[in-house]
Each structure stands twice: as structure tokens, then as C-alpha cells.
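Undergrad: Sequence plus predicted model, see below.
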Amino acid sequence: MMKIEFNTKENLFRKYNSDGEYKEVKIIKKNLDRLLSLIANRLTTNSIHDGYVDIHSSKLREVVHNSEEYLEWMRIEGLLERDYYVVPSGGKKGKSWGYRFSPLYAENIKIISMTNEPGDVKYDLPTKEQLEPIYHKPIEPLLYENLENDFNDVVIDYNFNNVDKPYDEWGNFIMLDRWFKTHFTLYRWLEGRTHFHYKRGRIYSNFVKLDSTARVNNVSFGNGKLVEYDITSSYPLMLCKAIPNNSNYDYKDFCSKVLSGTIYNSIQKGLNRMRNSNKEGEYIESCEDGVGYKGDLGVRMINRNEVKALFMMWLNGSRDIQFINGLSIDIGIYIKTTYPTVYEFITDYKSDKPNGKIYDLLVSMERDYIMDLVATLYSKYEGIKILTCHDAIYVEEEFDISEDWNLTRKEFIKDLPYEEIKVEVYEKKNVIPDDIFDMFS
């Protein structure tokens, strides 16, 4: 667990009872930071829902014996928000309170210092069995050695104030789980806790664990910023190539949306319309219970990251209905009705190879795409250094490899059917005055 000192300070809390009487509780900064550290660490390792992470009260009391008073004070002062709990009964599983940093405090939260406590995460190399390729050929030894040497040559530019806070896709909320994870990864990397290994067709390393913004802002080879080149909608693109070419309209439509970079947005829109329609399929903007038809308790919009996760879960799962963040999503039915050619290929593949996952097929195609290009770049550009992150490569900005990247993509997609799709881009900015939350500065 990472022990964090936040931009907090000691305070005095008047806790009132039902008779109007109160007792004064001293809010000690060390205890306050310990509770916030626990929540921050849980955000990076536990399942979260709408930014909340469930923590049992016994665990909170292990950290601070009177944690209830601290948590109540933090909610009153606007540091934390809490959702709900469920008492187990009738064989049903209960649920602990979920906690999250308030949006306002998330904007102003700062890390003053950080240390790792005993038992903090260690990077253990995978076993030989885990390293055995599944549907993948090994990386050519010299190529692997070059990539590992480049990884060992990186320069980390990190302090507690130079990690950007990532927002959700709509620009409304800061994704503090990713922000804390980036801090922890960079801190451990600077401490010398590194890992670099090949597993199931992919290279895993400290670099891969970073947020995409941190990869270009906080990591370099000491000669300027890194530039990212990534495969847009990588898995759907590999799926387009894996499906035998045909003239079916739905296949052409699927390929068109993949090549235009809108496939996940299209699936997201379709799933959200399905979740917010009545039994006759009529989309309802509002009703007395809120958006969606009456009685729908799960009508919140699913976001693009959830759609990407759902797509992968469905690819490798055995059911059309998948569950994510407390929601039940009929993604298989949507694919079946919208892209029947894609649905048929995937279900046939699963039935023909019951012990194999289509994930392995798509990763092997992605791996060949990236590694073949990396080999070309090493032979073409003297002195080039390269970092990889699954479907992306990173090089120093002095090496303009855009032509090589575009030629590789052009050759890869040349046989795919598609038609041009107009892509509209919307930008939303969220501005909060700097001094709005200065009580914790």
C-alpha cells in the first residue's frame, strides 16, 4: 500500500447528537491522510462503480479506530461522497458503503509526499508456463533485446506535481483511479522496481501500466518528447481482417465504422438506446422516474471505456449478456441484430475452438502488425529507440515515422470493404476557478 500525504490540515469537528448536544472531535492530519490513502489505493486495485469503491467498515477502523467520525467530517466538508450499503439477508450478498473523492476536491487534490509501506506491490516475473506462447510465435530474440535495451534507457520525469489528471470522455469527471495508478507506477519505477516480459503475444512493462498521457509527458529518452502511433480500434480492426471477405452489407458497415474510428461510439449509442427504450422499442427522453422507461433502475449511460471492456468480455465469454459496474448489458444481442456476419463468425470460432479464445487470435494479428513494423524501423532509422504498448509504438519526435505507419496501415486494410463516414468531433471544456477550494492549499 502506498502511504500518501495529501494537501489536508488538522481541524476540529463538532459532532452533534439528536438532542442538539455535541462533542468536539480533533481531526488529526495523519489519520486523515491514512484514510484517504486507503481509498486511493483501493481505487487502483478494486472494482469501482461510478467512481465509488466499496470498503468494509472493519477495514476503515483498522486504519483509524474512530473512522466514522473522520468520514462524516470529510463528507460534510466536501472531500468525500458516499453511495449506499446493503445488509445481507435471505442468502443475498450485502454491500459495504462505497466512497469516492468529491468532484470538487478531485480538482484540487494534491500529493505532498508518498512512501511505500511494507507489503506494497512487487513485480514478479511470470512463470515459464505463463510465458509459453499461445497462438503466438515468439518475438525474434534480437528484436526483443533491442526493445528491452530501449526500455532500460528511458528517463523518468516525475514529481508529485507534474502528472495530469485525466477526465472521462465527456470532460465532466476526473478519473482519479487512473491518476493515482500513474503516480504509483512512476514512483515505483523511480525506485527501481521494473518489469519487462513477453506474455501471450504482448510485451508487459512499467511503461504499459502508465496512463497514455503520462507515457508522452513523463517518459522520454532524454532527447525530447515521445510521439505515439497507435492502431485505432485495434481489436475490431483485427476482427475485420479475420473474417473472410464478403459482400454482406453489415460486414461492410462494420468495417467502415472501424476504419473511421467510430465503431465503439456506434456500439455505445446503440446499447444506450436499447437500455433506455420501452418494450416496443420506442425511445423515451424522460418520464416520472427519470430518463428511460418506468421501472428501469439502471438507465445511466454507459461510457466508451465500458463499451470497449464489454466488447472484449463478450468476445471471450460464453454469454450474450455481460455484466460491468453493476449493469447487465445485452451486447451479444446488439451485435447479432446489427452485425450478424460478425456475430456468426465469432460464435462459429468459439464452437470450433472450445479451448481457444478469439482474444488470442486477434492479439497474434496485432502483435505481428506492430512487431513487423518495429523491425522495419530498427533497420531503417539509425539510432532510433522504441517503446511499445500493445497496439501502439512510441518514438522520439525527431524520428518522423508517419509515412511508415501510414503505409503499413494502407497495406493492412487494402482488401477491406468500406465507405467513407463523416466523423464529427465535439470538444467540451470544464473550467473551475483556481481559488474555489483554497481551504486545503
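TA: Received, thanks. Quantities reported herein were computed from a predicted structural model and do not represent experimental measurements.
Undergrad: Help me confirm that residue 208 comes into contact with residue 387.
TA: No - here residue 208 does not reach residue 387: they are 9.0 Å apart, not a contact under C-beta atoms under 8 Å. C-beta coordinates here come from the backbone N, C-alpha and C atoms, glycine included.
Undergrad: if you count what's nearby, which of these two comes out ahead?
TA: residue 387 (24 against 17; other C-beta atoms under 10 Å).
Undergrad: residues contacting that one?
TA: Going by C-beta atoms under 8 Å, 6 or more residues apart in numbering, residue 387 touches 147, 150, 151, 154, 207, 215, 219, 226, 393, 394, 395.
Undergrad: how close does the fifth one get to residue 167?
TA: Yep, that's residue 207 we're talking about. 22 Å (C-beta to C-beta, to the nearest Å).
Undergrad: likewise the first one?
TA: Taken as C-beta to C-beta, the spacing of residue 147 relative to residue 167 amounts to 31 Å.
Undergrad: same check, this time on residue 149
TA: 35 Å.
Undergrad: what does residue 153 give?
TA: Applying C-beta to C-beta to residue 153 and residue 167 gives a distance of 32 Å.
Undergrad: if you count what's nearby, which of the two comes out ahead?
TA: residue 167 (15 against 11).
Undergrad: Could you pull up phi and psi at residue 112?
TA: phi -90, psi -40 (degrees, to the nearest 10).
Undergrad: Contact partners for it?
TA: Residue 112 neighbours (C-beta under 8 Å, 6+ apart): 5, 6, 7, 160.
Undergrad: which phi and psi does residue 201 have?
TA: According to degrees, to the nearest 10, residue 201 has phi 90, psi 0.
Undergrad: Show me where the stretch 301-441 of the chain dips below the pLDDT cut-off.
TA: Along the stretch 301-441 of the chain, segments meeting pLDDT under 70 span 326, 353-356, 421-441.
Undergrad: residue boundaries of the strands in it?
TA: Using DSSP state E, counting those that start in this stretch, the strands of the stretch 301-441 of the chain run over 322-324, 327-329, 386-389, 392-396.
Undergrad: and the first one, how far from the chain's centre?
TA: Looking back up the chat, that one is strand 322-324. Centroid displacement of strand 322-324 relative to its chain, using C-alpha atoms, centre = their mean, to the nearest Å, is 16 Å.
Undergrad: What helices and strands are in contact with that strand?
TA: helix 304-316, strand 327-329 (3 or more C-beta pairs under 8 Å, 6 or more residues apart in numbering; DSSP states H and E).
Undergrad: Could you rerun that using 10 Å?
TA: helix 304-316, strand 327-329, helix 331-338 (3 or more C-beta pairs under 10 Å, 6 or more residues apart in numbering; DSSP states H and E).
Undergrad: Which residues does that strand contact?
TA: 47, 49, 302, 305-307, 309-314, 317, 328-332 (C-beta atoms under 10 Å, 6 or more residues apart in numbering).
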